[in-house]
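J.: No letters, just coordinates:
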């Protein structure tokens, strides 16, 4: 079973918010709709406080699939492209590469 990072909270009959690492702010919003054949579909939107700024991420057959499509916590802190110099040095140490760039 895929790992859940936070709860799915029903806020209206056909609307849920998806929480992740910051539990005071939703990361996604899911709306249940019915397509032309009568089948349920779940629209995943990127959540923002201003509804006009929300963007469609995808359409899913189940609420579980929509919720799993919301990204979980990031493993690194935002920073320069490619990560910080400290991240690069740590990656090199894990791979056994010395300061010369050749394996140790």
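T.: Arrived safely. No experiment lies behind these values; they were computed from the predicted model shown. Residues are numbered from 1 along each chain as shown.
J.: And the strands in the chain, which stretches?
T.: With DSSP state E as the criterion, the chain has strands at 8-12, 15-18, 28-34, 40-46, 55-60.
J.: Packing partners of the third one?
T.: Same thing as strand 28-34. Contact here means 3 or more Cβ pairs under 8 Å, 6 or more residues apart in numbering; DSSP states H and E; on that basis strand 28-34 packs against strand 15-18, strand 40-46, helix 63-68. (Each C-beta comes from the backbone N, C-alpha and C, glycine too.)
J.: deepest of these, which one?
T.: Taking mean count of other Cβ atoms under 10 Å as the contact definition, the stretch among those with the greatest mean neighbour count is strand 15-18, which reaches a mean of 20.
J.: name the helices or strands packed onto that strand?
T.: strand 8-12, strand 28-34, helix 63-68.
J.: rewinding a little: please convert the helices and strands packed on strand 28-34 to JSON lines, extending it with mean pLDDT.
T.: What follows is the helices and strands packed on strand 28-34, written out as JSON lines (pLDDT from 0 to 100):
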{"stretch": "strand 15-18", "mean pLDDT": "95"}
{"stretch": "strand 40-46", "mean pLDDT": "96"}
{"stretch": "helix 63-68", "mean pLDDT": "93"}
